[in-house]
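A.B. asks: test case, fold it:
(chains A and B)
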Amino acid sequence: MNAVTAIIHRDLLLAMRRKSEVLTALFFFIIVVSLFPLGIGPETALLRTIAPGILWVAALLATMLGLARLFAPDHADGTLEQMVLAPAPLGLLVTGKIIAHWITTGLPLVLLAPVLGIQFDLDSGALGILVVALLLGTPLLSLIGAIGAALTLGVRGGGVLLSVLVLPLYVPALIFGAGAVEAHISGLGAGGHLSLLAALLALAVFFAPWATTAALRIALE
Amino acid sequence: MSNNKIIHWFKFASPQSFYPLAGKMIPWFWGLTAVFLIPGLWISFFVAPTDFQQGEGYRIIFIHVPAAWMSMFIYLVMATWAGLGLALNTRLSGMMAQALAPTGAIMAFLSLWTGALWGKPMWGAWWVWDARLTSALILFFLYIGFIALQAAIDDARRADKAGAILALVGVVNVPIIYFSVKWWNTLHQGASVSLTKAPTMATTMLWGMLLMALAFWMYSIAVALTRVRAIILEREAHTEWVKELDEVKA
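C.D. replies: Got it, this is the predicted structure:
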């Protein structure tokens, strides 16, 4: 466990030293979300219906931006190889890195989303559901994305390739995440969607670090 | 006893012994393709009755349904080879997975394309966000991702292994994606057209479809074996046995 906290602490420290990278992804999220009303028009009723989808798609894309940073710098300076050689199991270290990635890219999105939701005239109940759904969904995005990041490590055209690999796998998270808010707005209740999202998260917590570890070992062979 | 059998089968895990075996098998699978395809096409075009609701246009399902089946089946086979390759560390498994991917992608594309051609006269739209259509589209994306990842990695062994992990992650995700898209579709109350509610098929139609599915299956095997032979030649170009081959010498 010490190793996990040490990795999280280290990655957060590195992120704090390079704030611009974290902030860029965050402003990307804000700008993308704000562009949609400009493209579609300011009718409130329409905006209210498309808000959950837009916020979620923007969150997906913003998470994607951060993924390339997950392993690439450590791979470049050799830290990753030291992690593979370290006495602590690589799976735990990878979990630590994923948690740190979520804290730097996922958590800010969760905190910002309600503010952006106000732009789309969502009521307070819908905003609450949006926050809960993103709280369950963004760790899922980081976990699945980590597999893609490990697979494309040091590969030609890694960034674009990463999005081709990972975005189709994000579909269930998008459906249940955005669906939770929509179900709440239409009066169906968001419980089912949130439970499914939580189930997917549980599945990913178990499998994703394992698959990521296998992919990293292949990349470093 | 059993030990001997295992050794016997594993002999063909080496590209060197599989290459001539595949060469011998290919004409047989082409033959089987013809055996199933000719009566299949004959039934689909001349024997199967005209549908009283859909007219002649429904006949595209004799291509559409086998293509859709094969696109799903090939992904499973590909993931199985990928898993075998990771577990047993055999080189041939990765080559088989790589050889199957383009055929699977073509099948997925074909099922989408013919589905659109069928949908326009029947539903009045080239595309609806039906659960099956959407999950077929995502399956197509998964194939593209697999091919793109393998193409981007220069080291063939690493490409095989990375592709194997992606295929296995994909195979876990395919049912999840299918059911999530299905629930998404029902909750949205979107497209009201359902293939499952279509009237039951005439027996001749079913026969035509089965024959076509078998023809597609045999075709896929023949093409995948041809492709795997090309991959073997490419990757083993530095070895003595490839240089000794008649077709290489010539």
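
A.B. asks: chain B: helices as residue ranges?
C.D. replies: Along chain B, counting by DSSP state H, helices occupy B:2-10, B:15-42, B:61-88, B:91-123, B:131-152, B:156-188, B:203-235, B:240-244, B:246-249.

A.B. asks: rank those helices by pLDDT, which is bottom?
C.D. replies: Among those, helix B:2-10 carries the lowest mean pLDDT, a mean of 59.

A.B. asks: residues in contact with residue A:5?
C.D. replies: By Cβ atoms under 8 Å, 6 or more residues apart in numbering or on different chains, the contact set of residue A:5 is residue A:96. To be clear about C-beta, it is placed using only N, CA and C from the backbone, and glycine gets the same treatment.

A.B. asks: residues of the host helix or strand of it that come out buried?
C.D. replies: Using DSSP states H and E, residue A:5 sits within helix A:2-17. Across helix A:2-17, burial judged by 16 or more other Cβ atoms under 10 Å in any protein chain shown covers A:3-4, A:7-8, A:11, A:15.

A.B. asks: same check on stretch B:15-31?
C.D. replies: In stretch B:15-31, counting by 16+ other Cβ under 10 Å, buried: B:15, B:18-19, B:22, B:26, B:29-30.

A.B. asks: what does that stretch contact?
C.D. replies: Against stretch B:15-31 from outside (Cβ under 8 Å, 6+ apart): B:11-12, B:91-92, B:95, B:218-219, B:221-222, B:225-226, B:228-229, B:232-233, B:235-236, B:239, B:241.

A.B. asks: residue A:72 is in contact with residue A:153, isn't it?
C.D. replies: Yes - using Cβ atoms under 8 Å, residue A:72 is in contact with residue A:153, at 6.7 Å.

A.B. asks: returning to what we had before: buried only: go through the contacts of stretch B:15-31 for me.
C.D. replies: Here, 16+ other Cβ under 10 Å leaves B:91-92, B:95, B:218-219, B:221-222, B:225-226, B:228-229, B:232, B:235-236 buried among the contacts of stretch B:15-31.

A.B. asks: return the member of the residues you listed nearest to chain A.
C.D. replies: residue B:91 (14.4 Å; Cβ to the nearest Cβ).

A.B. asks: and residue A:72 and residue A:153? which has more neighbours close in?
C.D. replies: residue A:153 (23 against 16; other Cβ atoms under 10 Å in any protein chain shown).

A.B. asks: so who does the closest residue to that one other than its chain neighbours touch?
C.D. replies: Once flanking residues are discounted, residue A:153 sits nearest to residue A:219: 4.2 Å by Cβ to Cβ, 6 or more residues apart in numbering or on different chains. Counting by Cβ under 8 Å, 6+ apart, residue A:219 touches A:75, A:150-151, A:153-154, B:158, B:162.

A.B. asks: for the residues you listed, which one is nearest residue B:151?
C.D. replies: residue B:162 (11.4 Å; Cβ to Cβ).

A.B. asks: check what pLDDT the residue lying closest to the closest one once chain neighbours are set aside gets.
C.D. replies: Residue nearest to residue B:162 in three dimensions, not counting chain neighbours: residue A:151, with 4.9 Å by Cβ to Cβ, 6+ apart. Residue A:151 is assigned 91 on the pLDDT scale.

A.B. asks: and if you look at residue A:96?
C.D. replies: 93.

A.B. asks: thought residue A:2 was touching it, still the case?
C.D. replies: No - applying Cβ under 8 Å as the test, residue A:96 and residue A:2 come out as separate, 10.3 Å apart.

A.B. asks: who's in contact with residue A:202?
C.D. replies: Contacts of residue A:202 (Cβ under 8 Å, 6+ apart): none.

A.B. asks: what helix or strand is it on?
C.D. replies: Judged by DSSP H and E, residue A:202 forms part of helix A:191-220.

A.B. asks: that helix vs helix B:61-88, what angle?
C.D. replies: 50 degrees (axes from the mean of the first three to the mean of the last three Cα atoms, to 10 degrees).

A.B. asks: what comes up buried for helix A:191-220?
C.D. replies: Result for helix A:191-220 [16+ other Cβ under 10 Å]: buried residues A:193-194, A:196-197, A:200-201, A:204, A:207-209, A:211-216, A:218-220.

A.B. asks: what's the nearest residue to residue 183 if we skip its chain neighbours?
C.D. replies: This is for chain A. Closest to residue A:183 by Cβ to Cβ, 6+ apart is residue A:190, at 5.1 Å.

A.B. asks: let me rephrase: I mean chain B.
C.D. replies: residue A:175 is the one closest to residue B:183 (Cβ to Cβ, 6+ apart), at 7.5 Å.

A.B. asks: which bits of chain A sit near chain B?
C.D. replies: With the criterion set to Cβ under 8 Å from any Cβ of the partner chain, chain A comes near chain B through A:147, A:151-152, A:155-158, A:161, A:164-165, A:167-169, A:171-172, A:175-176, A:179, A:182-183, A:188, A:196, A:200, A:207, A:211, A:214-215, A:218-219, A:221.

A.B. asks: so for stretch A:15-33, mean pLDDT?
C.D. replies: 88.

A.B. asks: can you list contacts of that stretch?
C.D. replies: A:54-55, A:58-59, A:61-63, A:65-66, A:69, A:100, A:104-105, A:108-109, A:112, A:116, A:119.

A.B. asks: thought the residue nearest to residue A:183 was touching residue A:176?
C.D. replies: No - counting by Cβ under 8 Å, residue A:190 does not reach residue A:176; the two are 9.6 Å apart.

A.B. asks: and for residue 101, the neighbour number?
C.D. replies: Since you didn't name a chain, this refers to chain A. 26.

A.B. asks: wrong one, chain B
C.D. replies: 26.
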